[in-house]
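Peer 1: Sequence plus predicted model, see below.
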Amino acid sequence: MFDKSNELMKPTRKQTGQTKKDFTGLLLGTLGLALTTLLLKVFQFEQYLYNVALVFIVIVLLIASQYGLWPGLAVSILGFLCLNYFFIPPYYTFFIDSGAGVVAVLGFLIAAIITSQIAARARRKTQEAQLSQQETAALNQLNMAVLSTAQAESMLRKVVQQVNQHLEASATLLYLNRPDNPSLLEVQASHFEEKEIQEEKFFRQETVQLTFQKKEAIFIKLDNQWRVAYLPLLAGEETLGVLAILLKNSIEVSSIKVGEVFRSEEQRWLQILANQTALAVDHARLIEETALVASLKEADRLKSVLLASVSHELRTPLTSIKTAIAGLKDEGIELEPEEQRDYLEVIDQEADRLTRLISNLLDLSRIEAGTLKPQKGLYYLPEIIGKTLERLARTEILTDHFVQTRFEEDLPLVSVDYLQIEQVITNLIENAAKYSTPSKPITLKVSQAPKPLTTSGRRQSIKRTEGEVRPMGILVEVIDEGIGVPEAELERIFDKFYRVELLVTPTSKSGLSYNVAGSGMGLAICKGIIEAHAGLIWARRRIYGGTILVFWLPLDLSPKFTQEKDSAIKALPE
């Protein structure tokens, strides 16, 4: 699709559009002089020579101010000839028989030329001022696009869109280095004004690479209909990328001769926009680097918190186990069978505690790595809860609490990973037990409900309004009657290594006047598991004191699910 003019070119002549404008100014000036001369001759203004000259200068002034210097000079010469031929005796001849006549026509010519130059200069200054104002407004909009967006990718899209808009281009593409291969450029942001425009049809990867390597702008003309500008984005000595712009030729541009692609003022404006885009790219890179530094700092903080938390959590059971073993090994003390059983029970309980801690660490690492994939089957959720409570009853978790359950009748089966949901229920019950006053009950409620509208800490209605369609699911609530979580902390309790007691002092009004043991991983693991099941989890305060931890799991109502439900129900693991 490329013709002979599809070469690396730069303009060397003025555009023919300017020639047409000059010709239009000359034509209008000629018509104006002719009409004015006719009127002045009809009304016999020959004796008012200086008035005639003044009228002609006004015509010169108008033409020069509207069409530039060269039309003004041409009309000045035509006015000089008209004044000599029609208004200086002897009439209808260019011969002048008096010194006064010579002075008159020469004075007019000099005044007309000076007037043309002054008017043309004023016109040029006005155009430059208007252009500068437009450029300033455009650059301000680009700066606003850069400063108003904190996300690098979104910011670059806005900048490319603004560049395309200010140039009235058909397409604008921003090429940047690939992270895995810095020498190869790929499109990071683009804007197409017309849907039928295809990148591979109008933009060439080899030209983009050449522009990037040579750090020089390349201008290409396509089929006398399209023009493409490849502009390097420079930041000092470094090349950040390439800005490729596709423009459709106007009527005037389509007649440009071979070797002419963009006028010098167009190149200047393209370069200004390219420089501004380079600043935006540099700013985007700074945003990404800042985000990386922040993530590294956060990772370092979490590592420190993890080490502090895990070291404390490990030290306590290990100390208890070590003490119990030392008591069993002490040959100087004869232990009764009941005392031996007590020591062994301590060892067993603390070993279980260590197992839970290590299991939580492994689960959290899988969640962080994105490798926690639910192995789903069809299960009856109240039965999972029952099995979990039976297991927990044999541990120290529920030593000081009893659990009451409330299950809605005719609950459907739900597609879940049994072991993962059992882990969620275990963590929620353990959390409720830690923050509840001894002997206070813990309540588990299971019901069928539509997907919640929000997961804020405020109580919300789960009933559907008329005409509203929301997916159905299973809602599980774990209710304790303990000290309660402060309103401001309800959303943060699901963050990694976050514990309420780290922020609430013994003298606070919440009543939390003791230090609850914990690693801050349990609820974060619950959140990761529930979200892996496409569910929701949140917390809210209980009206009469305490906290309600809630999670919602969607029901799979697909035909495949229905067939599996009708054919077989998975047996629960013991």
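Peer 2: Happy to help now that I have it. Given the structure is predicted, the values throughout are model-derived calculations rather than measurements.
Peer 1: rest of the way, CA atoms for contacts and neighbours
Peer 2: Noted.
Peer 1: what's the closest non-adjacent residue to residue 102?
Peer 2: residue 96 (6.6 Å; Cα to Cα, 6 or more residues apart in numbering).
Peer 1: Quick check, pLDDT for that neighbour.
Peer 2: Each residue has a pLDDT score; the one for residue 96 is 83.
Peer 1: dump the residue contacts of it.
Peer 2: Remark: with contacts taken as Cα atoms under 8 Å, 6 or more residues apart in numbering, residue 96 is in contact with 84, 88, 89, 90, 102.
Peer 1: Residue 443 now?
Peer 2: Each residue near residue 443 by Cα under 8 Å, 6+ apart is listed here: 403, 404, 405, 406, 477, 478, 479, 480.
Peer 1: Need those in a markdown table (columns: neighbour count and secondary structure).
Peer 2: Conversion of the contacts of residue 443 to a markdown table gives the following (neighbours: other Cα atoms under 10 Å; DSSP: H, G, I helix; E, B strand; the rest coil):
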| residue | neighbour count | secondary structure |
| --- | --- | --- |
| 403 | 17 | strand |
| 404 | 11 | strand |
| 405 | 15 | strand |
| 406 | 12 | strand |
| 477 | 23 | strand |
| 478 | 22 | strand |
| 479 | 26 | strand |
| 480 | 28 | coil |
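Peer 1: Looking at these, which two lie furthest apart in space?
Peer 2: Between all members of the contacts of residue 443, the longest pairwise span (Cα to Cα) is found for 406 and 480 and amounts to 13.9 Å.
Peer 1: Got the confidence number for the residue most central in space within the chain?
Peer 2: What sits nearest the mean C-alpha location of the chain, by Cα atoms, centre = their mean, is residue 154, with 2.7 Å. Per-residue pLDDT puts residue 154 at 82.
Peer 1: Run a quick check on residue 160 versus residue 173, I expect a contact.
Peer 2: Yes: with contact taken as Cα atoms under 8 Å, residue 160 and residue 173 are classed as touching, separated by 7.1 Å.
Peer 1: Give the residues shared as contacts by those two.
Peer 2: Residues touching both residue 160 and residue 173 by Cα under 8 Å, 6+ apart: 189, 190, 191.
Peer 1: quick check, nearest of those residues to residue 247?
Peer 2: residue 191 (12.6 Å).
Peer 1: isn't there a strand covering the closest one?
Peer 2: Yes: when classified by DSSP: H, G, I helix; E, B strand; the rest coil, residue 191 is found to be part of a strand.
Peer 1: Report the contact partners of it.
Peer 2: By Cα under 8 Å, 6+ apart, residue 191 lies in contact with 157, 160, 161, 164, 171, 172, 173.
Peer 1: which one of these has the most neighbours?
Peer 2: residue 171 (28 neighbours; other Cα atoms under 10 Å).
Peer 1: Could you list which residues are in contact with that residue?
Peer 2: When contacts are taken as Cα under 8 Å, 6+ apart, residue 171 is in contact with 164, 190, 191, 192, 193, 194, 197, 245, 246, 247.
Peer 1: now the residues you listed in CSV, with distance to residue 435 and pLDDT?
Peer 2: Converted to CSV, the contacts of residue 171 look like this (distance: Cα to Cα, whole Å; pLDDT from 0 to 100):
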residue, distance to residue 435, pLDDT
164, 59, 84
190, 54, 88
191, 55, 86
192, 58, 87
193, 60, 83
194, 61, 76
197, 63, 80
245, 63, 90
246, 65, 91
247, 67, 88
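Peer 1: Of those, keep whichever come out buried.
Peer 2: 164, 190, 191, 192, 245, 246, 247 (16 or more other Cα atoms under 10 Å).
Peer 1: nearest residue to the last one other than its sequence neighbours?
Peer 2: Counting by Cα to Cα, 6+ apart, residue 247 lies nearest to residue 169, which is 4.7 Å off, once chain neighbours are set aside.
Peer 1: show me what contacts that neighbour?
Peer 2: Applying Cα under 8 Å, 6+ apart, the residues near residue 169 are 193, 245, 246, 247, 248.
Peer 1: Need these in JSON lines (columns: secondary structure and distance to residue 346).
Peer 2: Converted to JSON lines, the contacts of residue 169 look like this (DSSP: H, G, I helix; E, B strand; the rest coil; distance: Cα to Cα, whole Å):
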{"residue": "193", "secondary structure": "coil", "distance to residue 346": "73"}
{"residue": "245", "secondary structure": "strand", "distance to residue 346": "74"}
{"residue": "246", "secondary structure": "strand", "distance to residue 346": "77"}
{"residue": "247", "secondary structure": "strand", "distance to residue 346": "80"}
{"residue": "248", "secondary structure": "strand", "distance to residue 346": "82"}
